[in-house]
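K.L.:
Provide a 3D model corresponding to the input given below.
(chains A and B)
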Amino acid sequence: MQTWFMLSAAALLFFGVTGVTQKLSTNETSFEMSFVWFCLAMFVISAAIPLIGHEDWRVTWPLIALAALGGLLNGLGVLTSFAALEKGGKASIVIPIINLYPLVTVGAAYLFLGEKLTARQGLGIGFALAAVVLLSQETQAT
Amino acid sequence: MPLSQPMLLSFLTVLLWGAWGLQSKIIVDRISPWANQALFSLGLAPLLLWPLLSKNLHCSRGSARRGALYGFITGLLGGVGNIAMYLALARGGKASIVIPVVGLAPLVTVVLAFFVLKETLNRVQILGLAAAAVSIYLLSI
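P.N.:
Residues are numbered from 1 along each chain as shown, chains lettered A, B, ... in the order given. Here you go, the predicted model:
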């Protein structure tokens, strides 16, 4: 198995656990407070990286803006997903739709980066999208 | 027929996170995954205004301290997950494969929720687990 796939699987694992910790957090406090603490943790990581690493920090302002755009897109997505639920969207509809976001990346990567997929990879992505829609169906608490 | 507000917000989320996937691939060729994660928070900072100005900020359902702790842990895990994803993209992973694999995170959430939160798995979700397994196999070989 290739290194990049192992790293993707690690990311999958970490993000998957956040699904539970996020739920545990919002079971106790407001989404807003949970988001504040989420951001504080991100700031701690940001502060820690320069202390422990030997990164090349000679970056240009456009590159800083491009990196910050990642946080903005991700964070805005968190807020709009919450707002969709808060405005009365059913979780059984909103969450499966939201989990289809890789479809946009796949299309954009084809259009803008020229990434091409083999038939097997295309089938794998199809199964992945089907899986997240099926997995997003609400469970009933016991 | 016009889309309802929740549906519009859902599609907006899809676009935002989908664009984040593309942006992640574009930037890892220009900056290290670690430096990228360090700068990621700059984009989060202005968004803090929204919760901080919300009247719901201090509405607790249980232990506010425990909620804060879990929120903080979510951020730490999310940050480490981001770094792993950026490293995957930097080490040759295509955005069109890495992002769908990472997007399978509900697989882990559903399984953990079964064990930790004692949530039940319905038949549709079990089908989803099987589809996720097939997907991971197809994308890993």
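K.L.:
could you list the domains of chain A?
P.N.:
A:16-55, A:59-89, A:90-142 (automatic domain parsing).
K.L.:
those domains: which one's closest to residue B:63?
P.N.:
domain A:16-55 (5.1 Å; Cβ to Cβ). All C-beta spots, glycine's among them, are computed from the backbone N, C-alpha and C.
K.L.:
returning to that earlier point: in JSON lines, list the domains of chain A along with mean neighbour count.
P.N.:
Shown next, in JSON lines, are these (neighbours: other Cβ atoms under 10 Å in any protein chain shown):
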{"stretch": "domain A:16-55", "mean neighbour count": "20"}
{"stretch": "domain A:59-89", "mean neighbour count": "19"}
{"stretch": "domain A:90-142", "mean neighbour count": "18"}
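K.L.:
JSON lines for those, including mean pLDDT?
P.N.:
JSON lines is the format used below for the domains of chain A (pLDDT from 0 to 100):
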{"stretch": "domain A:16-55", "mean pLDDT": "90"}
{"stretch": "domain A:59-89", "mean pLDDT": "92"}
{"stretch": "domain A:90-142", "mean pLDDT": "87"}
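K.L.:
turn those into TSV, columns for distance to residue B:105.
P.N.:
Converted to TSV, these look like this (distance: least, Cβ to Cβ, whole Å):
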stretch	distance to residue B:105
domain A:16-55	4
domain A:59-89	13
domain A:90-142	8
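K.L.:
could I get these as JSON lines with distance to chain B?
P.N.:
Listed next are these as JSON lines, based on distance: least, Cβ to the nearest Cβ, whole Å:
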{"stretch": "domain A:16-55", "distance to chain B": "2"}
{"stretch": "domain A:59-89", "distance to chain B": "3"}
{"stretch": "domain A:90-142", "distance to chain B": "2"}
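K.L.:
stretch B:97-104 near chain A at all?
P.N.:
Yes - Stretch B:97-104 lies within reach of chain A by Cβ under 8 Å from any Cβ of the partner chain, at B:97-104.
K.L.:
related to what we said a few turns ago, any idea which of the domains of chain A gets closest to residue B:136?
P.N.:
Closest approach to residue B:136 among the domains of chain A is made by domain A:90-142 (7.9 Å; Cβ to Cβ).
K.L.:
who are the packing partners of the helix ranked longest in chain B?
P.N.:
If you go by DSSP state H, chain B has its longest helix at helix B:64-90. The helices and strands touching helix B:64-90, judged by 3 or more Cβ pairs under 8 Å, 6 or more residues apart in numbering or on different chains; DSSP states H and E, are helix A:3-28, helix A:31-52, helix B:5-28, helix B:33-44, helix B:95-102.
K.L.:
angle of the first one against helix A:31-52?
P.N.:
Relative orientation of helix A:3-28 versus helix A:31-52 (axes from the mean of the first three to the mean of the last three Cα atoms, to 10 degrees): 140 degrees.
K.L.:
same question for the shortest one.
P.N.:
In this structure, helix B:95-102 runs at an angle of 120 degrees to helix A:31-52, with the same axes, to 10 degrees as the basis.
K.L.:
and the pLDDT for residue B:1?
P.N.:
We have a pLDDT of 60 for residue B:1.
K.L.:
tell me which of the domains of chain A lies nearest to residue B:38.
P.N.:
Short answer: domain A:16-55, nearest of the domains of chain A by Cβ to Cβ, at 4.2 Å.
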